[in-house]
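In: Build me a model:
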Amino acid sequence: MTATSVVNKGVPCTAAETAVDATADLRGRKCPMTFVYTKLELERLERGQILKVILDYAPSFTNVPRSVELQDLGEVICNPAEQGGEKTLWIRKK
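Out: Predicted coordinates for the structure are as follows:
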C-alpha cells in the first residue's frame, strides 16, 4: 500500500497496512504542544502524504485529531491504535 492509497476511516490501521511519510513521536509531550508539533510536521509534508503521530498524554488522544480536522490540516484516516497507554494516529495531509 502506498502513502496515497485510500484507507477507510473507521478501520483499524497497522504499520504494515499503512505507509507513512513522516513520524511524530510526541510521547512525553502535553497539550497544547502535542497539536503544535503535529501541525509543524504536517506543514512539512506534501498534500496526500501521511503523518504517523504517537501520543501518550490522554487529553491529546481527542484534542489532536479534533484540532487537525477543525483547522482543515488533514484527516485521521483510520481508527487510532491504542496500546499500553499510548495512541497512534495516522493523518493524511489535505
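In: what comes up buried for the lowest-mean-pLDDT helix or strand in the chain?
Out: Lowest mean confidence among the helices and strands of the chain (mean pLDDT, DSSP states H and E): strand 81-83, at a mean of 87. Neighbour-count burial for strand 81-83 flags Ala81 (criterion: 16 or more other Cβ atoms under 10 Å). Quick note: C-beta positions are derived from backbone N, CA and C, even for glycine.
In: just stretch 42-49 next, same as before
Out: Leu42, Leu45, Gln49.
In: so how far is that stretch from its chain's centroid?
Out: Chain-centre distance of stretch 42-49: 12 Å, with Cα atoms, centre = their mean, to the nearest Å.
In: End to end on it, go ahead and measure it.
Out: 9 Å (Cα to Cα, to the nearest Å).
In: for the record, mean pLDDT for that stretch?
Out: In this model, stretch 42-49 carries a mean pLDDT of 97.
In: Excluding its own residues, what touches it? List them.
Out: The contact list for stretch 42-49, computed with Cβ atoms under 8 Å, 6 or more residues apart in numbering, reads Ala3, Thr4, Asp21, Ala22, Leu51, Val68, Leu73, Gly74, Ile91, Arg92, Lys93, Lys94.
In: so where do the helices sit in this protein?
Out: 33-44, 58-70 (DSSP state H).
In: average pLDDT for the longest one?
Out: Which is helix 58-70. For helix 58-70, the per-residue pLDDT values average out at 96.
In: What is it packed up against?
Out: Packing partners of helix 58-70 (3 or more Cβ pairs under 8 Å, 6 or more residues apart in numbering; DSSP states H and E): helix 33-44, strand 50-55, strand 74-76, strand 86-93.
In: List the neighbouring strands of the second one plus their orientation.
Out: This points to strand 50-55. Sheet partners assigned to strand 50-55 using DSSP bridges are listed as strand 22-25 (parallel), strand 86-93 (antiparallel).
In: what comes up buried for that strand?
Out: For strand 50-55, a neighbour-count test (16+ other Cβ under 10 Å) marks Ile50, Leu51, Lys52, Val53, Leu55 as buried.
In: Specify the beta-bridge partners of Glu75.
Out: According to DSSP bridges, beta-bridge pairing links Glu75 with Arg92.
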